[in-house]
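Student: give me the fold of what follows.
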Amino acid sequence: MKLQNQFDFTINLLKANETKYPIIKTLLENYQREELAFSSFDNPSPGTAKDILLKIYEHRSNYGGDHVIGYDTLMPIFRKTEHAHICISDFTTRRGSYIVFSDFSRSDILGVLFSKTNLDEVKAKGVTLDLFVSGKLIQEQIS
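Tutor: The predicted structure is shown next:
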């Protein structure tokens, strides 16, 4: 699936679940007006297996501190899901990063984490980014 399609499908999934995950309200209010970076897994792979990701995020939830919020709602659903592979999508904005956990068809959301790591911090590290403005891919894979 093309990156713009992944973005659009993930936004639509978030819109459908906005009342369930109030943490995404600011993202949904602003994604059409601002620059942001977006990344997402394209297809299931060994690295997207539920058991592997569950171990990673259980460990992170124990050490997240106040820098990342949302583990309390994500982890119980993550543990119970029957999806064998988990799609992780990331929207990095000037306010912080929204990490979305879903199935690969983007029809079932497992949860959302919010990290205080923002777009300026990521850009300063020289990380390769796919940039979107007003909800449209404008620059793919820049440093």
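Student: drop to CA atoms for contacts and neighbour counts, all remaining ones
Tutor: Will do.
Student: okay, now Arg60: neighbour count?
Tutor: Counted with other Cα atoms under 10 Å, residues neighbouring Arg60 total 13.
Student: how close does it sit to Gly96?
Tutor: Separation of Arg60 from Gly96 (Cα to Cα, to the nearest Å) stands at 18 Å.
Student: also His85?
Tutor: For His85, the distance to Gly96 equals 26 Å [Cα to Cα].
Student: and Leu119, by the same measure?
Tutor: According to Cα to Cα, Leu119 and Gly96 sit 7 Å apart.
Student: now swap in Thr19 and tell me
Tutor: Separation of Thr19 from Gly96 (Cα to Cα): 20 Å.
Student: who's more crowded, these two?
Tutor: Neighbours were counted for Thr19 and for Gly96 using other Cα under 10 Å; Gly96 has more, 21 against 11.
Student: excluding chain neighbours, what is closest to that one?
Tutor: Once flanking residues are discounted, Gly96 sits nearest to Asn118: 4.0 Å by Cα to Cα, 6 or more residues apart in numbering.
Student: point out where the chain drops to low pLDDT.
Tutor: Low-confidence segments of the chain, defined by pLDDT under 70: 1, 64-65, 140-143.
Student: what segments of this structure are strands?
Tutor: Shown for the chain, the strands assigned by DSSP state E span residues 35-40, 68-69, 87-92, 97-102, 109-115, 129-133, 136-142.
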